[in-house]
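Visitor: next come a sequence and a model predicted from it.
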Amino acid sequence: MGKRSLSMMSAGWASALVMSLAQGTSLDAAEPRPASAPSAWKNLQPDLSSHVIKRISDVLPLSDQRNKAGWRRHEPMWDEFDGPKLDRAKWSDHNPEWKGRQPGYFHPDNVAVREGKLHLTMRKGDLPGMPKDAGYHTYTCAAVQSKSKVRYGYFEVMATPMRSAGSSSFWFYDSTKEWWTEIDVYEIGGGAPGFERKVNMNVHVFHTPQEKRHWAIPGSFVAPRKLADADHVYGLDWSKKEIRFYFDGVLVRRGPNTHWHQPLTLNFDSETMPKWFGLPKDEDLPSTYTVEYVRAWKRTKRP
């Protein structure tokens, strides 16, 4: 969500926001896209064995190593996580407006930077002061949110999801009275039965000045091997005209950008998704979602 605190919103809007977040944004929470939404979204299933992208430069997106788009580094959302702790100038170690998807409770103690990676851990256990009256219990999770917002660009992470039924997520969103949109680069249940190889992607519209109901256009890509077995590179090319999703530098989903023109925050989190992935098994916890790096660019040439 955005940086604006709930205390700055009207009581009615704040209540609606908290209720919507508590219900979550998984596939069962959104209505199908309206008939007016374009049907041009394409979910691709390329043969990765014949689409091996060789990295030449670390300063360019894996999918555009020849820099055809004229990418320039976007420093506010670039982090190699090679310092001793989270860079608090760029990131919050929690989500300022959301405590997590029940029953999992976001807690800053589950966020760490060490050995050149960002770690977001899910654990079993209660904490003193945990808001059990709001449905939080049994599990603690982690969230990291950018302190800046962005509209359009290329965003790339190298990451390994948790090997549990918890969700490892990389997403963008912001919420105001006028606009609430979201782009989910991935939501991965690395140890959830049937989801171990599935990259779940989505775009959501909760409301805009013209749209008054929540709808989404989900999609997925099935990887050749279990995603929790190794690092992979995930990319989002978000332009004024189109939204593209990449896996290891290969295009796996694309669609027209009809609604996603709002500046958004960048988010990582580990969270429980009981209605989708089920709750994690005790023997799978604690489990940790690791991010090797996040890199961001702005385009200097028109797409």
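Guide: Thanks, I have it.

Visitor: please export the C-alpha coordinates of the host helix or strand of residue 182 as CSV.
Guide: Taking DSSP states H and E as the definition, one finds residue 182 inside strand 180-188. C-alpha atoms of strand 180-188 as CSV (Å, rounded to 0.1, in the frame of the first residue of the first chain):
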residue,chain,number,x,y,z
TRP,A,180,-6.3,1.7,-6.0
THR,A,181,-4.5,-0.6,-8.4
GLU,A,182,-2.0,-3.4,-8.1
ILE,A,183,0.5,-5.4,-10.2
ASP,A,184,1.6,-8.8,-8.8
VAL,A,185,4.8,-9.8,-10.5
TYR,A,186,4.6,-13.1,-8.6
GLU,A,187,2.9,-14.9,-5.7
ILE,A,188,4.6,-18.3,-5.2
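
Visitor: strands paired with that strand, and their directions?
Guide: Partners of strand 180-188 in the sheet, by DSSP bridges, are strand 167-175 (antiparallel), strand 198-207 (antiparallel).

Visitor: dump those strands to a markdown table, plus distance to residue 127 and mean pLDDT.
Guide: The C-beta positions use only the backbone N, C-alpha and C, and glycine is treated the same way. Below are the strands paired with strand 180-188 laid out as a markdown table (distance: least, CB to CB, whole Å; pLDDT from 0 to 100):
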| stretch | distance to residue 127 | mean pLDDT |
| --- | --- | --- |
| strand 167-175 | 20 | 98 |
| strand 198-207 | 29 | 98 |
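
Visitor: what's the most buried one of the ones you listed?
Guide: Counting by mean count of other CB atoms under 10 Å, strand 167-175 has the highest mean neighbour count of the strands paired with strand 180-188, with a mean of 24.

Visitor: quick one on the thing from earlier: show me what the strand holding residue 182 is in contact with.
Guide: 25-26, 155, 157, 161, 167-174, 195, 198-208, 227, 234-236, 238, 243, 245, 259-260, 262, 264, 273 (CB atoms under 8 Å, 6 or more residues apart in numbering).
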